[in-house]
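> Next one to model:
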Amino acid sequence: MNGSVLVLNQNYEPLNICNVRRAFVLVDRGKAEVLEASPEGIRTASRIIPRPSVIKLAYMVKRPRPQVRLSRREIFLRDDYTCQYCGTRSRELTLDHVIPKHRGGGHTWDNLVSACRACNHRKGAKTLEEARMRLIKPPRRPQPVQYFLWIQRLYGAASEAWLKFLPHGETPAAS
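Got it, this is the predicted structure:
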């Protein structure tokens, strides 16, 4: 009864990962249907029952959309570890406020960008116009991508049967 089962919402959106025992209960009570079963079954005294690998709920579960948290790491990921002023790719980046904090710029997704030390020093506490600098792309809050949000939970638990139900058909090990 050990193992992981991918639980899909009624619209086939990944919703959760549960154990095989919980999946059996959901299917037995008519709350879910088995979409994919793993090759090895569960042996009982009288028969072998296919072990579910992917189940789909019979009803729609509404849940709030998770938001990406504002952090240094997330800013660097959003900007692909690239200085937004000169385009240099590096792991040695700093955060820069597009509108300086002392001029009313906040610590928000729309005001923070990745910058190399040289560009951050050159811009200093000036606005883009005063420093005569331009951004490669305007900063904005990233959309939470389902694959990105699920990667931590799916890593090491995904099976081949799950791949067609995951966004972009990517394997969690590919990240």
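> Could you use CA atoms for every contact and neighbour count after this?
Noted.
> Poorly predicted segments of this protein, please.
Residues of the chain meeting the criterion pLDDT under 70: 1, 144-160, 166-175.
> all helices of it, in order?
Along the chain, counting by DSSP state H, helices occupy 20-28, 72-78, 117-123, 128-131, 146-154.
> Now the ones you listed in CSV, please, with extra columns for mean neighbour count.
What follows is the helices of the chain, written out as CSV (neighbours: other Cα atoms under 10 Å):
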stretch, mean neighbour count
helix 20-28, 17
helix 72-78, 16
helix 117-123, 16
helix 128-131, 12
helix 146-154, 15
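> domain parsing for the chain?
4-64+144-174, 72-131 (automatic domain parsing).
> Of all those domains, which one is nearest Lys137?
Lys137 lies closest, by Cα to Cα, to one member of those: domain 72-131, at 6.9 Å.
> mind checking the end-to-end distance for the closest one?
23 Å (Cα to Cα, to the nearest Å).
> got the buried residues for the top strand by length along the chain?
For the chain, the strand with the greatest residue count under DSSP state E is strand 32-43. By neighbour count on 16 or more other Cα atoms under 10 Å, the buried set for strand 32-43 is 32-34, 36-37.
> how close does the closest residue to Tyr85 other than its chain neighbours sit to Leu128?
Among residues not flanking Tyr85 along the chain, Leu135 sits closest, at 5.1 Å (Cα to Cα, 6 or more residues apart in numbering). Distance, Leu135 to Leu128, using Cα to Cα: 8 Å.
> Please apply the same query to Pro64.
From Pro64 to Leu128 the distance is 37 Å (Cα to Cα).
> and the buried residues of strand 32-43 as TSV, adding distance to Arg89?
Formatted as TSV, these follow (distance: Cα to Cα, whole Å):
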residue	distance to Arg89
Ala32	47
Glu33	47
Val34	46
Glu36	42
Ala37	44
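> Looking at the residues you listed, spot the one nearest Ala58.
Using Cα to Cα, these come closest to Ala58 at Ala32, 5.0 Å.
> Just give me the neighbour total for the spatially closest residue to the closest one that is not a sequence neighbour.
Closest residue in space to Ala32, ignoring its immediate chain neighbours: Leu57 at 4.1 Å, by Cα to Cα, 6+ apart. Neighbourhood size, Leu57 [other Cα atoms under 10 Å]: 20.
> Could you give the separation of stretch 94-101 from the chain centroid?
26 Å (Cα atoms, centre = their mean, to the nearest Å).
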